[in-house]
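Undergrad: With the input below, show me the fold.
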Amino acid sequence: MAFSERVASRTTALDFPGDVTGAVGDSVTVVPVVVALAALTDVALAPVLVWFGVFQVVWGVRYGVPVSVEPMKALAALAIAGSLSASGLAAAGLLAGGTLLLAGATGTLARVTAFVGQPVVRGVQLAVALVLFETAFGLATTDIALAAGAVAVAAVVAVVSVRASALAVVAAGAAIALAETGGLSPTVPAFAFALPAPGVFLDYGTAQAAVGQLAMSVGNAAVATALLLGEYFDAEATADDLAASMGAMNLLAVPLGAIPMCHGSGGVAGKYAFGARTAGANAVLGALYVLAAVLAVGVVAAFPVAMLGVVLAAVAAQLAHTSLDTERYALTIGVGVLGLLAGVGVAFVAGLLADHAARRLYPS
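TA: The predicted model follows:
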């Protein structure tokens, strides 16, 4: 089938309004991070939004289901905290991308995931949910009055439609941002090819950041996301498929102004929680990102983060609910809490060790 035919067949069967409201569920795992990066680092917001839009459509067409495209959160968090420069962020993303592409192309994750028990994967999902809850709380408390208003809007709209409640909150936030900025300001996103200097790739901090992100990407963006896509949408995407697509995406786009991107169970849970059922949700969100980059960069930057925090909490709740469908609650909860306290990568490794120790002590 020609690419244009695949686009038409996989993105025009829009499940309205679910795919529209579902697109919002993925965007709230992205917008707070990219807005913070643009405000606190040298990252340019417009090309970042364009690349998120492009790959929403690309992977929607490739997989035929509402797959997510999110920032590599471990790297983004380090950059926001000032531990990684913009060039270090790009270099770490390229290192992680190259490794993921190689692992996916050689089927490495299929061999690795045979040793990853379901409770560990669920624990990684719970860890991400807890991190999202923590982020949501931090965002909401920046303006408690606005957050309370967002909860009130969501509650009123939920009486008619739970799925539309998130869209109503986003619409209210957009109206506030428009009023604050004075309206739309059309711009043409600037793209320029740039690679970090060789020394940045060799920097210890860059390498350490890439390794930490890889641990999170394997556990959450590949293994847990493949599991969730299969459960929610009966998709046949494997962890190796997802790893290869993440690697290719970053090697192509990071040198052209993107931030490091990945798939993720949080975005999939967000799409599903707010109604997405087809790849049409990816087409909707892709178009919205590109339109925002061209027409409303200022509005996106001014969006009340307290209101985004309310929607992000709902996404986290959906992911937490899914994560508790586990064979061993103690291990899953332990991995989740450790992930919140010490990082998802550490929790993933510790969970693997604990899981295999338990299998030896208590063979089924």
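
Undergrad: in the helix or strand hosting residue 121, what counts as buried?
TA: Residue 121 is located in helix 118-140, with elements delineated by DSSP states H and E. For helix 118-140, a neighbour-count test (16 or more other CB atoms under 10 Å) marks 118-133, 135-136, 139-140 as buried. No exception for glycine: its C-beta is placed from N, CA and C like everyone else's.

Undergrad: mind listing the strands for the stretch 1-150 of the chain?
TA: Ranges of strands in the stretch 1-150 of the chain, per DSSP state E, counting those that start in this stretch, are 70-71.

Undergrad: quick one: low-confidence parts of the stretch 101-250 of the chain?
TA: Applying pLDDT under 70 to the stretch 101-250 of the chain flags residues 163.

Undergrad: and the residue nearest the centre of the chain, what pLDDT?
TA: A centroid search over the chain (CA atoms, centre = their mean) returns residue 70, at 2.9 Å, as the residue closest to the centre. You'll see residue 70 listed with a pLDDT of 93.

Undergrad: measure it to residue 88 for me?
TA: Distance of residue 70 to residue 88, computed by CB to CB, to the nearest Å: 20 Å.

Undergrad: before we move on, what about residue 362?
TA: Taking CB to CB, one finds residue 362 at 44 Å from residue 88.

Undergrad: Who has more neighbours out of those two?
TA: Counting neighbours by other CB atoms under 10 Å for residue 362 and for residue 88 shows that residue 88 has the greater number, 21 against 8.

Undergrad: Spatially, and excluding backbone neighbours, which residue is closest to the more buried one.
TA: Excluding the flanking residues, the one nearest residue 88 by CB to CB, 6 or more residues apart in numbering is residue 206, at 5.0 Å.

Undergrad: can you pull the alpha-carbon coordinates of the helix or strand where that neighbour lies into PDB?
TA: For residue 206, the element it lies in under DSSP H and E is helix 204-216. Provided in PDB are the C-alpha atoms of helix 204-216 (Å, rounded to 0.1, in the frame of the first residue of the first chain):
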ATOM      1  CA  TYR A 204      30.700  12.100  31.600                       C
ATOM      2  CA  GLY A 205      27.500  13.900  32.400                       C
ATOM      3  CA  THR A 206      26.200  13.400  28.900                       C
ATOM      4  CA  ALA A 207      27.000   9.700  29.000                       C
ATOM      5  CA  GLN A 208      25.500   9.200  32.500                       C
ATOM      6  CA  ALA A 209      22.300  11.100  31.400                       C
ATOM      7  CA  ALA A 210      22.000   8.900  28.300                       C
ATOM      8  CA  VAL A 211      22.400   5.700  30.300                       C
ATOM      9  CA  GLY A 212      19.700   6.800  32.800                       C
ATOM     10  CA  GLN A 213      17.400   7.600  30.000                       C
ATOM     11  CA  LEU A 214      18.000   4.200  28.300                       C
ATOM     12  CA  ALA A 215      17.000   2.400  31.400                       C
ATOM     13  CA  MET A 216      13.700   4.400  31.500                       C
END
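
Undergrad: what sits up against it?
TA: By CB atoms under 8 Å, 6 or more residues apart in numbering, the residues outside helix 204-216 that reach it are 72-75, 78, 83-84, 88, 91-93, 95-96, 99-100, 200, 260, 343-346, 348-349.

Undergrad: Mind listing what's buried along that helix?
TA: 206, 209-210, 212-216.

Undergrad: Just put these in TSV and tack on distance to residue 264.
TA: Rendered in TSV, the data for the buried residues of helix 204-216 read as follows (distance: CB to CB, whole Å):
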residue	distance to residue 264
206	22
209	17
210	17
212	15
213	12
214	14
215	14
216	9
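
Undergrad: Now flag whichever of those is closest to residue 315.
TA: Nearest to residue 315 among the buried residues of helix 204-216 is residue 216, at 17.3 Å by CB to CB.

Undergrad: Leaving out the residues flanking it, which one is nearest to that closest one?
TA: residue 344 (4.4 Å).

Undergrad: Number of residues surrounding the closest residue to residue 86 other than its chain neighbours?
TA: Spatially, and ignoring its direct neighbours in sequence, residue 86 is nearest to residue 42 (4.1 Å; CB to CB, 6+ apart). Number of residues near residue 42 (other CB under 10 Å) recorded here: 11.

Undergrad: how near is residue 42 to residue 72?
TA: 17 Å.

Undergrad: what does residue 285 give?
TA: Counting by CB to CB, the gap from residue 285 to residue 72 is 18 Å.

Undergrad: Same check on residue 179?
TA: Per CB to CB, residue 179 is found 33 Å from residue 72.

Undergrad: okay, these two: which has more neighbours?
TA: A count of neighbours by other CB under 10 Å puts residue 72 above the other of residue 179 and residue 72, at 30 against 11.

Undergrad: I'd assumed residue 217 was in contact with that one.
TA: Yes - if you go by CB atoms under 8 Å, residue 72 and residue 217 touch, sitting 6.9 Å apart.

Undergrad: Spit out the residues that contact those two alike.
TA: Counting by CB under 8 Å, 6+ apart, the residues touching both residue 72 and residue 217 are 96, 262.

Undergrad: sorry, back to before: name only those of the contacts of helix 204-216 that count as buried.
TA: Among the contacts of helix 204-216, the ones that count as buried by 16+ other CB under 10 Å are 72-75, 78, 84, 88, 91-93, 95-96, 99-100, 200, 260, 343-346, 348-349.

Undergrad: Tell me which entries of these lie within helices.
TA: Cross-referencing the buried ones among the contacts of helix 204-216 against helices under DSSP state H gives 73-75, 78, 88, 91-93, 95-96, 99-100, 200, 344-346, 348-349.

Undergrad: about what we covered before: what sits against the residue nearest to the centre of the chain?
TA: 26, 29-30, 33, 221, 261-264, 266-267.
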